[in-house]
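Enquirer: only geometry, no sequence info:
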C-alpha cells in the first residue's frame, strides 16, 4: 500500500475512488419479497446482494425506510450452513472443522447455538447472545501482530462490528485459528468469526457477509423471514416476507464477451460497446468476476491490466494502480513488455501474464 501511495503522488493522483462492478437501485414501490425478486429479475439483475462494508454504506446512503434486499432464510436445520465472518475466506465444510470441536461434534442445542467461541484451543458453539472477549484480525498490521485479543465483553454481532470498525474482522479461517493454537492460546473463552445460519442470497451468491443491527443474530429457524436494510448505517433487520416494502435491486455491470481477441482489440471492443476492460481492486471484486469466468470458451480471460515498460509497473486501463493482486506466479525478472494479464477460467482463477497478441475471451464493464 505504501508503494501505491508513493506512485499516486508521483503521478499527481491524490484522490481515492472505487470501482463498483454492480449498481444498486432503490425501488420505492412497495412489494412482498417474492414480488420484489420478480421485479428485479425482470428490470435489472436480481434483488441486491451485499458483499462488504462498502456495500452497506452505499445502501445506507439511499435508504429512507426499511427496504428488502436479496437475503432470505431457508427453513430446516439441514439448510443451516457454516461461514467465516471475513467474506474473502473460502466456504466452510463441517468436516474441515469437526475435529476442533470438543468430542468432534457440535452441541445438541445446535438449533440455537450458532456462534463459536475458542476455549483452550478447542471450538465450542454457543448462543450468540452470550457475551465474551474476542479476537480480531487486522490485515494492516505486520503478520506477527495481525491477530489481536480484545479484552472487552460483547455479544457476537457486537464483537463483529467492533472488529470491522477498528481492525478488519473477527478471526476467520483455519489458518488464523491454527496460528492462535500454535501460540498456546490460554484464554478461557473468546469469540472468533465462525458462525452458521439459514440465510441464502437470491442470486445464489456464496457471500457470508452479514450486517445485523442492534446486536442481534438472525437465524430464521422459527419461520421464513427476509432481510431488510434498516437505516442509514446500512444495518439489517428482517420481517415476514409477505410484508410489503420498498426494495433494492442490483444491476450487474460485468459482461463476459466470448469472442476471441487480442488484448488491444478486446480493449477497443469494450470501449466501443460498453465502458472498458474490467479492473479488479479488491478480493470481493475478484470473486464477483471469477464467478463468470467458468462460462468462458477459452482457458484464459483478458483483464484490463497491462504492463508498462516506461514506468516498469503493471497498471489498470482506468489508471488504478495494482494495490491488490491475485497472481499465480510472481514476476521472475524477465522482460514483460507487450504482456497483459488474464484470469484463469478454472481452478483458483489466478491471474497469469500473457503476450498481448494471444486471443482470449474478455471481461467488459
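Expert: Perfect, I can see it now. Fair warning: this is a prediction, and the values are worked out from it, not measured in the lab.
Enquirer: residue 162 touches residue 136, doesn't it?
Expert: Yes. Counting by Cβ atoms under 8 Å, residue 162 touches residue 136, with 7.4 Å between them. (C-beta placed from N, C-alpha, C; glycine too.)
Enquirer: any shared contact partners between the two?
Expert: In the contact map built from Cβ atoms under 8 Å, 6 or more residues apart in numbering, the residues linked to both residue 162 and residue 136 are residue 150.
Enquirer: higher neighbour count, these two?
Expert: residue 136 (25 against 16; other Cβ atoms under 10 Å).
Enquirer: can you name the residues in contact with the strand or helix carrying that one?
Expert: The secondary structure element spanning residue 136 is strand 132-137 (assigned by DSSP states H and E). Residues external to strand 132-137 that are found in contact with it (Cβ under 8 Å, 6+ apart): 86, 117-118, 146-154, 156, 159, 162-163, 166-172, 176, 180, 187, 189-193.
Enquirer: just for the stretch 251-365 of the chain, where's the confidence low?
Expert: Of all residues in the stretch 251-365 of the chain, those with pLDDT under 70 make up the ranges 331-333.
Enquirer: re earlier: list only buried entries from the contacts of strand 132-137.
Expert: Listed as buried from the contacts of strand 132-137 are 86, 117-118, 146-147, 150, 154, 156, 159, 162-163, 167-172, 176, 180, 187, 190-193; burial here means 16 or more other Cβ atoms under 10 Å.
Enquirer: show me the helices in this protein, by range?
Expert: Taking DSSP state H to define them, one finds helices in the chain at 2-10, 33-43, 53-60, 94-97, 156-166, 174-182, 263-273, 283-293.
Enquirer: which one of those lies nearest to residue 338?
Expert: Each of the helices of the chain was scored for nearness to residue 338 using Cβ to Cβ, and the closest is helix 263-273 (9.3 Å).
Enquirer: and for residue 355, the neighbour number?
Expert: When counting by other Cβ under 10 Å, one arrives at 12 neighbours for residue 355.
Enquirer: show me the contacts for it.
Expert: 338-339.
Enquirer: if we can go back for a sec, please identify the most buried of the helices of the chain.
Expert: Mean neighbour counts were taken over the helices of the chain using mean count of other Cβ atoms under 10 Å, and the top value, a mean of 21, falls to helix 156-166.
Enquirer: show me how far it is from its chain's centre.
Expert: 16 Å (Cα atoms, centre = their mean, to the nearest Å).
Enquirer: what packs against that helix?
Expert: Using 3 or more Cβ pairs under 8 Å, 6 or more residues apart in numbering; DSSP states H and E as the contact criterion, the elements in contact with helix 156-166 are strand 132-137, strand 147-154, strand 169-170, strand 190-197.
Enquirer: quick one: it to helix 53-60, angle?
Expert: Inter-element angle recorded for helix 156-166 and helix 53-60: 100 degrees (by axes from the mean of the first three to the mean of the last three Cα atoms, to 10 degrees).
Enquirer: pLDDT value on residue 36, please?
Expert: If you check residue 36, the pLDDT there is 98.
Enquirer: hmm, it is touching residue 27, no?
Expert: Yes. In this structure, residue 36 is within contact of residue 27 by Cβ under 8 Å, at 7.3 Å.
Enquirer: what sits in contact with each of the two?
Expert: Common neighbours of residue 36 and residue 27 (criterion: Cβ under 8 Å, 6+ apart): 247, 249.
Enquirer: report the residue spans of the stretch 1-150 of the chain with pLDDT below the cut-off.
Expert: By pLDDT under 70, the low-scoring segments of the stretch 1-150 of the chain are 1-19, 76-78, 103-111.
Enquirer: and residue 254, how far is that from residue 187?
Expert: 43 Å (Cβ to Cβ, to the nearest Å).
Enquirer: neighbours of the closest residue to residue 264 other than its chain neighbours, how many?
Expert: Here the nearest residue to residue 264 in space, its sequence neighbours aside, is residue 356; by Cβ to Cβ, 6 or more residues apart in numbering that works out to 6.3 Å. Other residues lying near residue 356 total 20 when counted by other Cβ under 10 Å.
Enquirer: mark out where each domain of the chain begins and ends.
Expert: Domains of the chain are assigned by automatic domain parsing as 22-75+198-251, 81-197, 254-364.
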